[in-house]
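Participant: Quick check, what structure comes out for this input:
(one chain, ligands or ions: 2)
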Amino acid sequence: MSPHDTVFEKADFPKCETCHSNHLIMKPELHWVGTTDSSLCINCHDANDGTAGFRTAEQIYNSLSDLYAAHGKAAAKVDEAEYKGMMITDLRFQLREVKQSLIKARTVVHAFNAARIIEVVEPGLLEAAKVYEAAVQEVDEYYFRRKGLGVATLIITILAIALYLKIRSIEK
Ligand code: HEC
Ligand code: HEC
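Facilitator: Ligands and ions are numbered 1, 2, ... in the order given. As a prediction, this is how the structure comes out:
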């Protein structure tokens, strides 16, 4: 569905290599799309070329980077909860779905159509927000339990001291 399909053919641009290279296939990265100096899009598009290319590049970049960021933020919170010893197996599973949206979005880039990217990114963002919230709750729960343990230890210590004093006074 890429708008590049027929134009690249006419211009004799290799369909994939033009952006991905061949022998030195590079790992695709977010900055490839967009309008910064390191983006591929600006090799052929500028704001006044009379096509939707430049604006679309910016929109795709924004959507993708939102999803990359949301995935990163949720993953970091899940890691934190796991590090604190909380049960996060379900969250890891949900996080995989966010990752799945990200993989899909990175391939749907090739439709070079902002609406089609948003269609894939939106559910990913919702899922990422859910995972993040749940991980925050796990971390809160950890601190709540730790406080509870502190209070319980304090009460037990006071009881032990009182018991010791009582035994001593009985012995006397
Ligand atoms: C106009 C530039 C352009 C062309 C042409 C192009 N791609 Fe891409 N490709 C991209 C961009 C941009 C990304 C997403 C980079 C990101 O977000 O990490 C991408 C990502 C990918 C990914 C995902 C990689 C991953 O690690 O998840 C695959 C697979 C891919 N392209 C295959 C192809 C194939 C096959 C062709 C030819 C049919 C092709 N691309 C043509 C720009 C292009
Ligand atoms: C090798 C040159 C080249 C590169 C690199 C390139 N494009 Fe294009 N792009 C074209 C050409 C040529 C057209 C067809 C323009 C026309 O219709 O006159 C086009 C068309 C488009 C269109 C359709 C525009 C319209 O108004 O219908 C979009 C959207 C687009 N490109 C986005 C991108 C994005 C996003 C990137 C970066 C990932 C990119 N392009 C990279 C050459 C390129």
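Participant: OK, contacts around the residue nearest the centre of the chain?
Facilitator: Centroid check for the chain by C-alpha atoms, centre = their mean gives H71 as the closest residue, at 0.8 Å. H71 sits next to L95, V98, K99, L102, G124, A128 when contact means C-beta atoms under 8 Å, 6 or more residues apart in numbering. Where you see a C-beta, it was placed from the backbone N, CA and C, and this is true even at glycine.
Participant: The first one: what's its closest spatial neighbour, skipping adjacent residues?
Facilitator: Read that as L95. Distances taken as C-beta to C-beta, 6 or more residues apart in numbering place V131 nearest to L95, at 5.4 Å, with adjacent residues excluded.
Participant: Go ahead and confirm the one you found touches V98.
Facilitator: Yes - taking C-beta atoms under 8 Å as the definition, V131 is a contact partner of V98 at 6.4 Å.
Participant: Mutual contacts of the two, please.
Facilitator: In contact with both V131 and V98: A74, using C-beta under 8 Å, 6+ apart.
Participant: who's more crowded, those two?
Facilitator: V131 (27 against 24; other C-beta atoms under 10 Å).
Participant: Secondary structure element holding the more buried one?
Facilitator: Taking DSSP states H and E as the criterion, V131 maps to helix 114-171.
Participant: Check which residues of the helix-or-strand element of the chain with minimal mean pLDDT are buried.
Facilitator: The helix or strand of the chain with the poorest confidence is helix 17-20; it has a mean of 90 (mean pLDDT, DSSP states H and E). Neighbour-count burial for helix 17-20, with 16 or more other C-beta atoms under 10 Å as criterion, is recorded at C19.
Participant: what comes into contact with it?
Facilitator: Residues from elsewhere that reach helix 17-20 (C-beta under 8 Å, 6+ apart): F8, M26, P28, W32, L40.
Participant: Flag whichever of those scores worst on pLDDT.
Facilitator: pLDDT is lowest at M26 among the contacts of helix 17-20; the value there is 82.
Participant: which stretch of helix or strand covers that one?
Facilitator: Using DSSP H and E, no helix or strand contains M26.
Participant: Check A47 too.
Facilitator: Counting by DSSP H and E, A47 is found in no helix or strand.
Participant: Skipping adjacent residues, who's closest to it in space?
Facilitator: Nearest to A47 is F54, by C-beta to C-beta, 6+ apart, at 4.8 Å.
Participant: M87 too?
Facilitator: M87 sits nearest to E138 (C-beta to C-beta, 6+ apart), 7.9 Å away.
Participant: So the one you found is in contact with R92, correct?
Facilitator: No - using C-beta under 8 Å, E138 makes no contact with R92, being 11.7 Å away.
Participant: residues in contact with the nearest residue to E82 once chain neighbours are set aside?
Facilitator: Nearest residue to E82 in three dimensions, chain neighbours excluded: I88, at 5.0 Å (C-beta to C-beta, 6+ apart). Counting by C-beta under 8 Å, 6+ apart, I88 touches V78, A81, E82, A135, E138.
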